[in-house]
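Novice: Attaching a predicted model along with its sequence, questions to come.
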Amino acid sequence: MSLLDDPKAAFADLTRPEWWVLGVSVAFLLFLFVAMLTGGLSPTYFLFLVGLAGMYALLSFGLNAQWGFTGLINFSVAAFFGIGAYGTALMTASGSPIAGGFNPLVGLAVALVVAFVLALLIGIPTLRLRADYLAIASLGLAEVVRLIVLNERWLTNGSAGLRGIPGFFVGWPVLSTFPEAMPGLRLEVVPGSPVFLETPFWQASLNGLLVVAFAGGAYLVLRRAHRSPWGRVLRTIRSDEDLARALGKNTYSFKMQSFVLGSLIMALAGVFYAHLNLYVGPGDLDPITTFYAWVAVILGGSGSNRGALFGGVVIVTIREGTRFLNDVALPIDPAPLRLLLIGVVIVAVMRYRPQGVLPPQRELIWPSAVDGGGTPETPDSGVRERKGGGGDE
Amino acid sequence: LSTTDDGGEGGEGGEGGEGGEGGDGGDSTEAYEIGMVDSQTGSLSAFGERNQRGVNLALSRVNEIGINGRDLDIVVEDSESENQGGIAAAQKLVNQDGVPFLIGAVGSGVSLAIYESVIEGTDVVQLSQNSTGLNLTEFPGLLRMSPSGRSQSLALSNLITDDGYDEVAITYVNNDYGQSLTDAFVDAYDGEVVYNTPHDQDQQSYSSVISEMNSSGADAWLFITYQAEFATMVNEVYSSGYEAQFYGADSVSGDNVLENTPEGSIEGMKIVVPSAPVEEENYQSFADAFESEYGRQPTSWAAYAYDCVINAALAIQAADEFSGAALQDTVRRVSGPEGEEVTSFEAASQILADGGGPDDVDYQGVSGPINFDENGDPVGFLQVLEVQDHAYEGIDFIEG
Amino acid sequence: MTVLGYLANGLVFSSIIVLGSIGLSLVYSIADFANFAHGDTMTIGAYSALVTFGAVGGLGGAVLGLPYGFFLALIVGIAVAAVVAVATEKLIYEPLDVDSIGLLITSIGIAFIYRAVIQIRFGSDFTRFDVRPLRPIEALVPYGVRITLHDVAIFGSAVALVVGLHVLLQYTDLGRKMRAMADNPDLARVSGIRTKRVKLWTWVIGAGLAGAGGVFLGLFNQLAPRMGFNLLLVIFAAVILGGIGSVYGAMAGGFLIGMINQLTPFFSNVVEALPIRPNWLATLIENLVTIEYANAIAFVIMVVVLLVRPNGIAGEGAT
Amino acid sequence: MSDGMTDDTTGAADGPHGGTDPVLSLSGVDSGYGEVQVLDDCSVRLDPGEIVCLVGPNGAGKSTVLKTAFGMLTPWTGTVEYHGRDIGGMAPEEIVREGIGYVPQTDNVFGSLTIDENLRMGGVARDGGLEEVIETLYDRFPIIDEKRGSKAKTLSGGQRQVLAFARALVMEPDVLLIDEPSAGLAPNTADDVFEDVREVNDMDTAILMVEQNVTKGLGISDRGYVLDQGTVRFEGTPEELLNDEEVSQLYLGG
Amino acid sequence: MSDADTENVVLRVDDLQKSFGGLAATDHATFDVERGTITGLIGPNGAGKSTIFNLISGFYEPDGGTVEVNGTDVTGMEPYEVAERGLVRTFQTPRKLEGMTVREAMLVGPRKQPGESFLTLFTSPGTAAESESANLAEAERILAEFEIDHLATQPATDISGGQMKLVELARAMLAEPEVLLLDEPVAGVNPTLAKKLKEQIRRLNEQGTTFLLIEHDMEFVMDLADPIVVLDQGHVLTEGPPHSVRNDQRVIDAYLGGGA
Ligand SMILES: Nc1ncnc2c1ncn2[C@@H]1O[C@H](COP(=O)(O)OP(=O)(O)OP(=O)(O)O)[C@@H](O)[C@H]1O
Ligand SMILES: Nc1ncnc2c1ncn2[C@@H]1O[C@H](COP(=O)(O)OP(=O)(O)OP(=O)(O)O)[C@@H](O)[C@H]1O
Ligand SMILES: CC(C)C[C@H](N)C(=O)O
Ligand SMILES: [Mg+2]
Ligand SMILES: [Mg+2]
């Protein structure tokens, strides 16, 4: 059910960790909002962070569709991300050695097609085999793609990277000139700390809009697909593929669908990234991106779309938020301090929110079927009343 | 709520509160805040570490005297030696902290990425401390303290030709820096390049590379790479018993290379480095101060970072307001050829304090005369170093 | 260089990889997660040895070009790595109530912490052990083999450690208990196996070997805070190649990966010598089988190996 | 087997049942998984030399009784006593050493270990004489003897069941807890296993057993309990239970 | 054999062979299952009964021989292809579905659900929703019959051993196959409930489902199954109606023992 249809029920439906997350998120947003109004946080920078969070959310949606749904171990997140970024950059950038100058929509299409083909190429031989195959083949794929981008200069411009990438909305009516057309605004909420909203802000707003559109779209698709018989088969595969096969499910095909879907979403993240930063280089294919995507999915709770979204936000908070902690003067060498902080935060989150922040709670049953069925949610056997405190296993 | 027209606010790149506050120069006693993107972690963190020594030394120089009675404060953010990290760091500095002047970054690729995605289109000044990649030349808005690798490449090609080698084997680090210097070298070199292969950073062994260089038959080997990678290669060359005449570009020299390679292993190697005028007195005093502070000799990288800070400080002092637009105007002029040549912040700041304009000073850095050209590159001197008794000896000076 | 030469280099490099992969694999099968801090555990071993060696010096004599003090440092490196790993298990992993993938993520955090601490203490620049570097062994040079006594020492010590481990696993109950635990931890407890103790031993062995690997890596190349982390990907590949969780598989995998890594120039020679047709194909392959693509080639070979031996080199379930 | 244990406790206070002290007793135990309560004020007693059979519907909590007795679950309230000593919450690996053996209902063999290794694992807490016991067990269960070197996961369901039983016997325990020993066994093999249970019992091992094969299970038992919804509903001799109309209808499929 | 016979045979196992290492787990086994029957498959532990199930359902590749379902040769097919032809099997050791509730685990059962197509989810969500509601209702009905409806929203892994067997059986029934292969459906199930299940199976059989059933509970098999195939050491020892099998001396020696 969606919030719009039935807000009350939607709230009543929340589990405890969800309440917790919702509460913390709302408080955090309020805090940021106040910070922005008082000039403590620049709206433009905030929008950049939103863009990053959206990008990580997309990556983590994609990985979640593979690992969280189906249990596919994909270590080439960075490669699909890079394919997305390079796909669109090669089509649109002025510095592109092969094409360039096309509308970003063409870039988007090309990026998705290439990611699709690549996903098939690696999926076809490996998805029939044991799970480790995909793990290792994708580890290899990531390296192969990175090395090709780095070394095949005729195709990718090599280590110099691609410059002159236009914003995503270039050539669109209204939107393409929107940032320049908007007047500069001066907001003074707290006297003495005015907030300026000028071209970069409007530019950043457009980026924010774009990522919200991408991530929102991906989320809606995934949400419908997940809480459905389709998503249920994927979860069965994740847990016991043989059982799914015995029940007549073509598990190879399902795994392929999930793998391709996830890869496309990762490529989408890459497309957004290219138009956000307006520059892509081989360094963007570094495995560290894969690493963070995994952290995001798992911190959020494998298998949950909301969790993946949240994980994306958490990653940005950890990575960029720690920059602010760094501002506090400490008597030790500040350089590795942020690294230390990131480490500590990761460990702390695992310690205190062990199931991932938002583990999958919902049953993968078509929502209307359950809600309409009117079955009691709580087991009614007398033995199983809840009892506080208790035994451990 | 009010509407401002675009140019009206002096147009800092950022909208952060602090950028606005600093706008009116003299009255405030708050420190001037500028930003720096450095490689504090990641593959170039060793360079970042060197830079920070230079920065801290420069800061203490500047703040001993002050700028218009105010301190200079540098917010350093980590690029993780990666594009994504660098961009995020610059975004925070420019859009959140609202700095009008950004020192950054180390690797050429990161510097360009920052310029392209954060700086271009704003009037924030970007001054890279270490990037020597050739491509930076194409972006006049992106200044750098370290001279372009092109002059190095030319110098290397002359050097190798003059030494009588008509065959050379090259290996370069596979990034923008290595690639662009190598391309320039290959263009300039008349002899035959019999081996020319990139290597990845951070590998545990380069024995395949050096064994291939050895099989290539060339007697002159050129290394365009970083210190850690080079030290690994030297050790492998040594323990494999290969012999050749080594040449190298800027980033292969350093005390840490000498310390971590066996005596005699790089004897006779010639390296072209963008040079601080080591003979000069100002460099000597910098080196002394550095040595007493950190117990070691400075590298040219530390000198660049040092000069970045001094140059920024002078630009701020010379500008009539603390804004990107104003600094764009002064940053080149305080170290540009016009004006009185001075070799320390103290002297330069004195001239400005005595009512001199930006064109009345010509700051001569510890890393060279600076003098940014129309592409934002410094003139830069080059020095040819030769390894003698496992120490670097300057054997020649070349003007860029 | 000759094939023999490449093989010799490969052997030395493999020794280090093997030491790393065994530990990773052991911990994987007993503690049930892929430990991303394993590479940084190697770094810890290396730096502990560095400090020790700096403190004790050469201690008189030397074997294989290595002063006695170095061997003492090696032992300290092993010990410190083991102690740190055990402490981490006790303080962090054991109290956690998460599944294996959660542990994996935690270990990423731990890896960052290890590395940051080392960087805070030692700075980020590289350094080397204060051991006089050696020239290649003269007698071998005519065969195209260019290795030093240090390389021999690395190989020899690695073999000694691996054989020791083999004996431990094969001739004591510990190995069997480990496998039982990996198989079914609940049943292991039901059978009377003190699983916490077995787990600690696993950490001691795994991290100890990693520590040794780190020390050798430092001797082979140099020390830097990122040294272990940079090797992690290769080690993972070796472990997966060997069949996840199988110790002997990890040895084989590590050996193969190390070899392939050093043999790329040889492969490119072979490719050039092969009469490949049509010509465009030959050119294409020659362009791809080059040092630039060394890592990619290693992975491609791995995938091919997997296709031939679907359960990893050691076969399914072997230990 | 430790005979000393029995001696130690003879002097202790008389139990409720005619002077013999139980070797193992659960009294008033509440227990369960996480926050879910399964056992509700459950009391079960095992006297020296007895075979006691637990029967009841699926999900009644029979396995939970065994798991609680064996330290896999900690009792929330109530006590678990072994020879008069409270062992509630002691870890299973320690309880084995006290002389209690346990055969779980599911996942009861090490699939990737060979039969031989499975048996050795059963004896890790033994001081010696391992080889001899294992040989006796092979003699007793030829069905696994043939497969000594095979991985346990290649065994058929029934073979596995036998192996699991044998594994627990390696310790020659004082008390044996068995969860559905005959499930999945061919009739003749099941008979053999029940015969073995008897034999083991004859060597002074008290046995607490869960069975769904009620006729045979109760057939070799001295007493039985009917468990439902986590509570003991009936207790008595096998004859009493089998002849009770209600019990037989509701629980024994009669 | 006449065409009419062939029509009547839903499952034909012909000269099937499978060995593991030196052990012939299935040794030239041949038998037919006729439409509408409940055929029992019994034999000592390790006789190769489960192995035959694996061979029929496509989990193992036979070393020789053929399997036909409904007249099509399914030898060497993927399990899902065999299932698509109407044959579904259960596993002897129940499969645990981690991260799913009991009723979710049940809902994996129905075959050819419209909602299993990614496209349908977006093109005609209505169809998906409809069939889902129907399946859910059916699942809940069967759970109630099996007396485990109170577990519907429990995690499928957190139930007792016997309950797992029940879920396994219930799910397979939900798949509504033409032929259902049950591997020891009532091992570990309480006798009272087993009696009820017997009725369920019989009713389903009357509605047209053919069963092939492995079970060691003699009362259960002898009551339910006709004919009964006896397997020993991988080959068919004998075959026939319950009373003749029960009295066959070879069966008594190899399997039933004195007590039966
Ligand atoms: N994957 C395998 N690898 C090796 N041997 C196997 C494998 N699967 C089964 N076997 C062997 O084949 C024989 C037949 O096993 P199967 O599981 O078919 O027996 P079963 O008749 O089902 O017995 P039960 O009634 O005990 O379940 C057994 O001896 C078993 O050990
Ligand atoms: N791991 C678990 N987590 C949560 N609940 C569980 C778990 N195992 C069992 N249960 C629940 O506890 C109750 C008792 O289970 P138990 O295994 O003791 O039953 P049982 O009497 O042994 O049944 P069966 O004859 O089917 O084996 C059941 O309702 C079951 O659903
Ligand atoms: C610090 C230096 C090693 C950076 C290098 N000159 C570059 O431009 O990449
Ligand atoms: Mg039970
Ligand atoms: Mg079977």
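Specialist: It's in. Ligands and ions are numbered 1, 2, ... in the order given.
Novice: so where do the helices sit in chain B?
Specialist: Secondary structure of chain B (DSSP state H): helices located at B:17-21, B:45-65, B:83-91, B:108-114, B:149-162, B:176-188, B:207-215, B:227-240, B:255-259, B:281-294, B:300-318, B:324-333, B:345-353.
Novice: Would stretch C:20-27 count as contacting chain B?
Specialist: No - contact check for stretch C:20-27 against chain B, using C-beta under 8 Å from any C-beta of the partner chain: none in range, with a minimum separation of 10.6 Å. Just so you know, the C-beta spots here come from the backbone N, C-alpha and C atoms, and that holds for glycine as well.
Novice: could you check whether that stretch is close to chain D?
Specialist: No - taking C-beta under 8 Å from any C-beta as the criterion, stretch C:20-27 and chain D are apart, separated by no less than 14.5 Å.
Novice: Show me how far that stretch is from its chain's centre.
Specialist: In terms of C-alpha atoms, centre = their mean, to the nearest Å, the centre of stretch C:20-27 is set 8 Å apart from its chain centre.
Novice: Point out where the chain drops to low pLDDT.
Specialist: Picking chain A for this. Flagging of chain A using pLDDT under 70 yields the residue ranges A:1-18, A:189, A:192-193, A:326-335, A:353-361, A:371-393.
Novice: The chain in question should be chain E.
Specialist: E:1-6, E:258-260.
Novice: which residues in chain E form strands?
Specialist: Taking DSSP state E as the test, the strands found in chain E are E:9-20, E:23-34, E:38-42, E:64-69, E:72-73, E:87-89, E:179-183, E:210-214, E:228-232, E:235-240.
Novice: Of these, which stretch is the most buried?
Specialist: Between these, strand E:87-89 has the highest mean count of neighbours, a mean of 27, where neighbours are mean count of other C-beta atoms under 10 Å in any protein chain shown.
Novice: strands paired with that one, and their directions?
Specialist: According to DSSP bridges, strand E:87-89 has the following sheet partners: strand E:179-183 (parallel).
Novice: The partner strand versus strand E:9-20: what angle between them?
Specialist: In this structure, strand E:179-183 runs at an angle of 40 degrees to strand E:9-20, with axes from the mean of the first three to the mean of the last three C-alpha atoms, to 10 degrees as the basis.
Novice: I'd like to know which of the strands of chain E is closest to ligand 3.
Specialist: Ligand 3 lies closest, by C-beta to the nearest ligand atom, to one member of these: strand E:9-20, at 60.3 Å.
Novice: Packing partners of that closest one?
Specialist: If you count contacts as 3 or more C-beta pairs under 8 Å, 6 or more residues apart in numbering or on different chains; DSSP states H and E, strand E:9-20 packs onto strand E:23-34, helix E:49-56, strand E:64-69, strand E:210-214.
Novice: List of residues touching the longest one?
Specialist: By that I understand strand E:23-34. By C-beta atoms under 8 Å, 6 or more residues apart in numbering or on different chains, the residues outside strand E:23-34 that reach it are E:8-19, E:39, E:48, E:51-52, E:55, E:62, E:65, E:179, E:210, E:212, E:229, E:231, E:233-236, E:239.
Novice: what about that strand, near ligand 1?
Specialist: Yes - when contact is scored as C-beta under 6 Å from any ligand atom, part of strand E:23-34 falls within range of ligand 1: E:23, E:25.
Novice: How far off centre is that strand?
Specialist: How far strand E:23-34 lies from its chain's middle: 16 Å, per C-alpha atoms, centre = their mean.
Novice: Sheet-wise, list the partners of that strand with their directions.
Specialist: Here the strand partners of strand E:23-34, with direction, are listed using DSSP bridges: strand E:9-20 (antiparallel).
Novice: Could you identify which of the helices of chain B is most buried?
Specialist: Between the helices of chain B, the one whose residues have the most neighbours on average, counting mean count of other C-beta under 10 Å, is helix B:108-114 (a mean of 30).
Novice: What distance do you get for the residue sitting furthest away from the middle of chain E to chain C?
Specialist: For chain E, the C-alpha farthest from the mean C-alpha position belongs to residue E:123; by C-alpha atoms, centre = their mean, that distance is 35.1 Å. Distance of residue E:123 to chain C, computed by C-beta to the nearest C-beta, to the nearest Å: 35 Å.
Novice: How about the residues of chain D by ligand 5?
Specialist: Within chain D, the positions near ligand 5 by C-beta under 5 Å from the ion are D:156-157.
Novice: Roughly how far does the one residue sitting closest to the centre of chain D sit from ligand 4?
Specialist: Averaging the C-alpha coordinates of chain D gives a centre point, and the residue nearest to it by C-alpha atoms, centre = their mean is residue D:177 (1.5 Å). With distances defined as C-beta to the ion, to the nearest Å, the gap from residue D:177 to ligand 4 amounts to 12 Å.
Novice: what's the residue of the stretch 51-200 of chain A at minimum distance from ligand 4 in contact with, if anything?
Specialist: Scanning the stretch 51-200 of chain A for the residue nearest ligand 4 gives residue A:71, at 28.6 Å (criterion: C-beta to the ion). For residue A:71, the contacting residues are A:131, A:237-239, by C-beta under 8 Å, 6+ apart.
Novice: residues in contact with the residue in the stretch 151-300 of chain C that chain A sits nearest to?
Specialist: Among all residues of the stretch 151-300 of chain C, residue C:299 sits closest to chain A, at 2.8 Å; criterion: C-beta to the nearest C-beta. Going by C-beta under 8 Å, 6+ apart, residue C:299 touches A:136-137, A:139-141, A:143-144, C:237.
Novice: picking up where we left off before, comparing the helices of chain B by mean pLDDT, which bottoms out?
Specialist: Across the helices of chain B, helix B:17-21 has the smallest mean pLDDT, namely a mean of 38.
Novice: Can you give me the neighbour number for the residue of the stretch 51-200 of chain E found nearest ligand 1?
Specialist: Distance from ligand 1 to each residue of the stretch 51-200 of chain E (C-beta to the nearest ligand atom) is smallest for residue E:51, at 3.3 Å. By the other C-beta atoms under 10 Å in any protein chain shown criterion, the neighbourhood of residue E:51 contains 24 residues.
Novice: so of the contacts of residue A:71, which ones are in strands?
Specialist: Among those, no member lies in strands (by DSSP E).
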